[in-house]
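Colleague: My questions concern the predicted model and sequence given below.
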Amino acid sequence: MEYSGQYLTYEEYKGLGGTLDLMPFNLLELEARRKIDIRTQNRLVNSEDIPEVVKVCMFKLINSIQSYNGSSNISNVGKVASETIDGYSISYMTPSQMSEIIKSKSQELDDIIRTYLLGYVYNGEHLLYVGVKW
């Protein structure tokens with residue numbers, strides 16, 4: 001499978017200190033790119049020159065998504081969330097706890113995008129602009 005149109009190449013990712021292997025990187029890069037495309041209304045799609053601020057944003061998103069994917073797997077529902085030995089107490093991950101984790105991670109990804117892209121002008125338009133032009 002060929003991954004084209006990447007906002008951050010594997011070489012750039014490694015240069016920023018990334019540690020993923022190529023295939024996991026490609027999958028996470030695609031997911032992070034889609035999150036940016038949704039928020040920017042596809043303003044970067046088919047762009048030849050991706051700004052550095054977008055590349056750094058992609059790096060942060062990929063790292064965040066990677067850390068999230070391990071902890072939020074739906075199969076974690078019903079598994080032990082915490083355990084105490086002396087008083088012998090076990091608590092299990094509930095669907096509502098999973099929902100809170102997902103909501104929190106979604107907010108974290110949105111915060112990363114806003115931190116790097118809010119107010120950034122690309123081709124004469126703010127990347128995150130969603131209002132009406134006068």
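Modeller: Good, I have the coordinates.
Colleague: tell me the mean pLDDT over the longest helix seen in the chain?
Modeller: Across the chain, the helix with the greatest residue count (assigned by DSSP state H) is helix 95-117. Averaging pLDDT along helix 95-117 gives 89.
Colleague: Can you spell out which helices and strands pack onto it?
Modeller: The criterion is 3 or more CB pairs under 8 Å, 6 or more residues apart in numbering; DSSP states H and E, and the helices and strands that helix 95-117 contacts are helix 22-40, helix 52-71. (C-beta placed from N, C-alpha, C; glycine too.)
Colleague: Nearest to V121 among those would be which one?
Modeller: Among these, helix 52-71 comes nearest to V121, with 10.6 Å by CB to CB.
Colleague: so what secondary structure elements neighbour that closest one?
Modeller: Helices and strands touching helix 52-71, by 3+ CB pairs under 8 Å, 6+ apart, are helix 10-15, helix 22-40, helix 95-117.
Colleague: Mean neighbour count and distance to F59 added to those helices, as TSV?
Modeller: Supplementary listing: the helices and strands packed on helix 52-71 in TSV, determined by neighbours: other CB atoms under 10 Å; distance: least, CB to CB, whole Å:
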stretch	mean neighbour count	distance to F59
helix 10-15	15	6
helix 22-40	17	9
helix 95-117	14	10
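Colleague: Nearest to I65, out of those?
Modeller: Each of the helices and strands packed on helix 52-71 was checked against I65 via CB to CB, and the shortest separation belongs to helix 22-40, namely 5.3 Å.
Colleague: any idea how far that closest one is from the chain center?
Modeller: Using CA atoms, centre = their mean, to the nearest Å, the distance from the centre of helix 22-40 to the centre of the chain it belongs to is 7 Å.
Colleague: List the buried residues of stretch 2-21.
Modeller: By neighbour count, and taking 16 or more other CB atoms under 10 Å as the criterion, the buried residues in stretch 2-21 are 6-8, 10, 12-13, 18, 20.
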